[in-house]
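>>> sequence unknown, structure follows:
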């Protein structure tokens, strides 16, 4: 069968959203992604249902789901077993799009590096001049950034001028964390904290309970704020520490932490094993490994 361009766009977007959410997709969701009229999408869905490419799911939480025939029609039979490679525009993940293939068209030119990015989704969601980031890829953890300079609707591909390529570290954070972990007991004073910071040239340390469990974290900024509020150096660190500490298991990979630093606006993160703190990772540690992030 020969699908029209809009039918292909709708079907590809349906499949992509379906795999991202694992539930039926409403026509309005597809219309929002494609910037189309919801009525147009609903009309096309009836045609796709008649062709056996789409199933309708009734009810308030209903919508549409792709059939096996949809995958065959678009040559996407192995999509279910593929890892998702996202694409971001201006730092925001592009909904309803995933990268299918990344190929470099120029590598030897001294001034240019260009790539063709085949996507599952509609290239009409992008414009020439968009700054995009692709990845990380599942095997090599490659992150590619660049500017869109062209589009191929037949191949569903973006042409980008590559400005940066980063191979993200695959090792877990235990290979990058600072050890041994310098800590303070819950009974420590601000004076104790200042002495620890000055001796070891650090700006923060976790505070531990008697059993070794994490009680909080205190930083130089916390101490300065406490002193500004009238506390003395003999005051307990428990009065100025942050109890809501961001933790991560030692097995997580370093690149997975970047988002946590940005989301929580933190400068350090405590690494734990079996519920006990074993190390610390700071923004400086991350910048040291891949400075462009």
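Right, received. Where do you want to start? Every value quoted in this text rests on a predicted model; they were computed, and no experiment measured them.
>>> How far away from the center of its chain is the longest helix belonging to the chain?
Ordering each helix of the chain by length in residues (DSSP state H) puts helix 5-21 first. Averaging C-alpha positions (CA atoms, centre = their mean, to the nearest Å) puts helix 5-21 22 Å from its chain's average.
>>> Name the surrounding residues that touch that helix.
3, 24-25, 29-30, 33-34, 36, 40-41, 44-45, 47-48, 53-54, 64-66, 70-71, 73-74, 76, 79-80, 84, 95-98, 120-122, 124, 153, 156 (CB atoms under 8 Å, 6 or more residues apart in numbering). For every residue, glycine as well, the C-beta is placed using N, CA and C.
>>> And stretch 219-226, by the same measure?
190, 193-194, 197, 203-204, 235, 237, 239-242, 267-268.
>>> Please point out which parts of that stretch sit buried.
219, 222-223, 226 (16 or more other CB atoms under 10 Å).
>>> do the same with stretch 27-39
So for stretch 27-39, counting by 16+ other CB under 10 Å, buried means 27, 29-31, 33-34, 36.
>>> Equivalent analysis for stretch 192-203, please.
Buried, per 16+ other CB under 10 Å, within stretch 192-203: 192-193, 196-197, 202.
>>> cool, stretch 278-291 as well?
Those would be 278-282, 285-286, for stretch 278-291 by 16+ other CB under 10 Å.
>>> pLDDT and secondary structure added to those residues, as JSON lines?
As requested, the buried residues of stretch 278-291 are exported to JSON lines (pLDDT from 0 to 100; DSSP: H, G, I helix; E, B strand; the rest coil):
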{"residue": "278", "pLDDT": "88", "secondary structure": "strand"}
{"residue": "279", "pLDDT": "88", "secondary structure": "strand"}
{"residue": "280", "pLDDT": "86", "secondary structure": "strand"}
{"residue": "281", "pLDDT": "85", "secondary structure": "strand"}
{"residue": "282", "pLDDT": "80", "secondary structure": "strand"}
{"residue": "285", "pLDDT": "75", "secondary structure": "helix"}
{"residue": "286", "pLDDT": "73", "secondary structure": "helix"}
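>>> Just the closest of these to residue 108, please.
residue 286 (32.3 Å; CB to CB).
>>> any idea how far residue 178 is from the closest one?
With distances taken as CB to CB, to the nearest Å, residue 286 is found 12 Å from residue 178.
>>> Repeat that for residue 18.
With CB to CB as the criterion, residue 18 and residue 178 are 43 Å apart.
>>> Looking at those two, which one has more neighbours?
Legend: neighbour count by other CB atoms under 10 Å for residue 18 and residue 178, higher for residue 18 (18 against 15).
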